[in-house]
Structures are given as C-alpha cells and as structure tokens.
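**Student:** Would you be able to build a 3D model of this:
(one chain, ligands or ions: 2)
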Amino acid sequence: MIEIVNVSKVFGRVRALDGVSFAVRNGEVVGYVGLNGAGKTTTIRIAVGVLPPDGGDVIIDGYSVVRDKKKASRIVGWVPELPIFEAEFKALDYFTYLAGYYGLPSYEARRLGVELLEKFGLGDAMNRKLSTFSQGMKKRFALAVSMINNPPNFIFDEVLNGLDPQGIAFFRDLAVGFRKQGKAVLFSSHILSEVEGIADRVVFIHKGRIIGVHSMEEVKHMARPALEITLTKLDENVLKLLERFGELSTMSGNRVLLRDPRADSSVVVAELVKSGVGVLEVRREEKSLEEFFFSLIKRAEGGEP
Ligand SMILES: Nc1ncnc2c1ncn2[C@@H]1O[C@H](COP(=O)(O)OP(=O)(O)OP(=O)(O)O)[C@@H](O)[C@H]1O
Ligand SMILES: [Mg+2]
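**Tutor:** Ligands and ions are numbered 1, 2, ... in the order given. Coordinates of the predicted model:
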C-alpha cells in the first residue's frame, strides 16, 4: 500500500506540490493523470525516496519514506520517466549487475534475468548493448529491472510513453497480474484515454494540487453523452416516460439528466410534449475522456482566488 500524505515541494519560486494526499491500496492499479508540469514526476520521486519532500510523508506498507527511507524504498519497484543505464553494458550483464544490489548470487541473478527479459520480449536482445536499444526496449528493460526483488508495490512514471500498441497491451496484462497478486500499482500519464482499460482508479493532479479522485467507472460514467432537460413539471408519469430513453437522474429545479440517450433529443421532446409536459430547455452534453479531464481542470482553475 502506498500512502501519500500531505506532501509539499517547492523548487525556488515554483510550488511543485501543495498538500498532495492519496493512497493506492493493495490489489489496486491507480492512474496518476496531469498535464505537463502538473507535479507527477515530483510526487513519484518523493514516493520512491530519491527526492526529499518539504512537508508531508509517503508511507509504503507502514514504512515512512522520510524516516525509514531504506526500508520503504526496498519494497517499491519503480521505473523513472527517463531510465538511464550504463549504455556500454549488455542487457543481461547489466541486469545481473543490478540484481547484485539486492543480494542475489550471480547465477541466480542471471537465471532471473533470462526469465524476465524473455517475459518482457527482450529474449533476442539480452546479449545486445543497451546503447542499441530503442526507447520502447529501454522501457521494457526498466520494467524488468523494477521487478528484480518482486516488490509488493510499483510506481511507474510515464511508462506507456514510447511503447508501441503491443507494448501497451503487454503493460495492461502486467497490471492485471499485479492486481491479482494484490500489489499496489501507481502509474502516471498525461493522457486519460491511455489510462482507460488499465487503471481501477484515477487521481488527477493540476498545478501541484489533487483536483479529483475517481474510479474508472465513475470517469467513464461522467464522460458519457447526456441530455439535460428542463421541464415545466416533474412527476411520476414524466419520470416513467423518460426512463424508456436512457439512464435517468433528477436534478434540482425540474431538471433531469438522461445518460446514454437511446433516441434523438427531438424524439424525446416530441414524446414529452405529446403527454402534455412543457420542455423549457434541452442541452446535449458530449464529453470525451479528455474533455472530462479538462472540465476538472477548468473547475479547479475557477475555484482559485
Ligand atoms: N529539479 C527541479 N528544479 C526546479 N523545478 C522543478 C524541478 N523538478 C520539477 N520542477 C518543476 O516542478 C513542476 C512539476 O514538475 P514535474 O516534473 O513533477 O511535472 P510532471 O507532471 O511530471 O510533468 P510531465 O508530464 O511534463 O512529466 C514544474 O513546474 C517543473 O518545472
Ligand atoms: Mg513527469
């Protein structure tokens, strides 16, 4: 379990993080979504213990990153935004070398290296120098390295960036496996639609502040098209009539929201009028996932002094 607790960070005059709090439970895959410069990488670097926070703490399975950095960082595997390796090493040799840090004897490290590199689609490349690896291959290699000690928590920074569709499908399967094993997984992205189909929950960050935390179900629900209808009256009969056209929820002031409308607004209006109900206004909302993300940002910006 990864708990980010009221974390703040300032770089000179930039308030990169301002009271950031959220948690990733065991068996949960959480997407961390924000625009460029929102604060994702800063949060992640603090969470894995490579950058100290100015305030707050990150608790990994009960261990404080601030007070117990060594223990906390041992139980979280991570892939940085731009993985840097010793380019002159061959992949398997370098993997073996890194595994040595975790106390694995070299034959065991090599065996694990062959297993993981094959699993990550690098079987044919394990004896090639890392300098010859493409961006996507480097990401795959970094993913394999993050799994050396089979940690119970994972944090991936922009791991989908640079992966081809096959690589993205591979990561999705990996996430499914982690979820089944009860691991806590946090991964960042600046594209919400990329996170769809992988994350169970999405944490939205904007200008160093958390502006929303929603289950993927909720996000998809809110992003669906809807008709907002304002009526002259609202009674049982009207509700019954409208329910035939989609998922209905009532709002204040004789307004209803019809999600996933099964008919054109003109058809719905005609039916209402036929049954003697006046229609004052009909608005169609069509939100894509990204529009939903932008609407969160707009709301947050509007709320700022
Ligand atoms: N080492 C640093 N020194 C000064 N400013 C920094 C440093 N690291 C980050 N920042 C600033 O902190 C803010 C958050 O940056 P961060 O890298 O966390 O964003 P991000 O969400 O990861 O963005 P991206 O999607 O572009 O990777 C930005 O304004 C950035 O310029
Ligand atoms: Mg970043």
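**Student:** Those residues of this structure touching ligand 2, which are they?
**Tutor:** With CB under 5 Å from the ion as the criterion, the chain meets ligand 2 at residues 40-41, 81. The way it works is simple: take the backbone N, C-alpha and C, and place the C-beta from them, glycine included.
**Student:** If any of those are buried, put those into a ChimeraX selection.
**Tutor:** Buried residues within the residues of the chain next to ligand 2, by 16 or more other CB atoms under 10 Å, are selected in ChimeraX with:
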select :40,41
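**Student:** which one of the residues of the chain next to ligand 2 is nearest residue 242?
**Tutor:** Distance ranking of these against residue 242, using CB to CB, places residue 40 first at 41.2 Å.
**Student:** Let me see the contact set for the closest one.
**Tutor:** By CB atoms under 8 Å, 6 or more residues apart in numbering, the contact list for residue 40 reads 32, 34, 157-158, 188, 190, 205.
**Student:** could you redo the last one with a cut-off of 7 Å?
**Tutor:** Neighbour list for residue 40: 32, 34, 157, 188, 205 [criterion: CB atoms under 7 Å, 6 or more residues apart in numbering].
**Student:** Can you give the domain ranges for the chain?
**Tutor:** 2-219, 225-286 (automatic domain parsing).
**Student:** Adding mean pLDDT as columns, could you present those in CSV?
**Tutor:** Listed next are these as CSV, based on pLDDT from 0 to 100:
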stretch, mean pLDDT
domain 2-219, 94
domain 225-286, 90
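**Student:** which one of the ones you listed lies closest to ligand 1?
**Tutor:** Nearest of the domains of the chain to ligand 1, taken as CB to the nearest ligand atom: domain 2-219 at 3.2 Å.
**Student:** The closest one: end-to-end distance?
**Tutor:** 22 Å (CA to CA, to the nearest Å).
**Student:** again with stretch 64-80
**Tutor:** Counting by CA to CA, the terminal residues of stretch 64-80 are separated by 20 Å.
**Student:** circling back to that earlier point, need the domains of the chain in a markdown table with distance to residue 301, can you?
**Tutor:** Shown next, in a markdown table, are those (distance: least, CB to CB, whole Å):
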| stretch | distance to residue 301 |
| --- | --- |
| domain 2-219 | 8 |
| domain 225-286 | 20 |
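**Student:** which of these is buried the deepest?
**Tutor:** domain 2-219 (a mean of 18; mean count of other CB atoms under 10 Å).
**Student:** how about it, does it reach ligand 1?
**Tutor:** Yes: using CB under 6 Å from any ligand atom, domain 2-219 reaches ligand 1 at 11, 14, 16, 34, 36-42, 81, 190.
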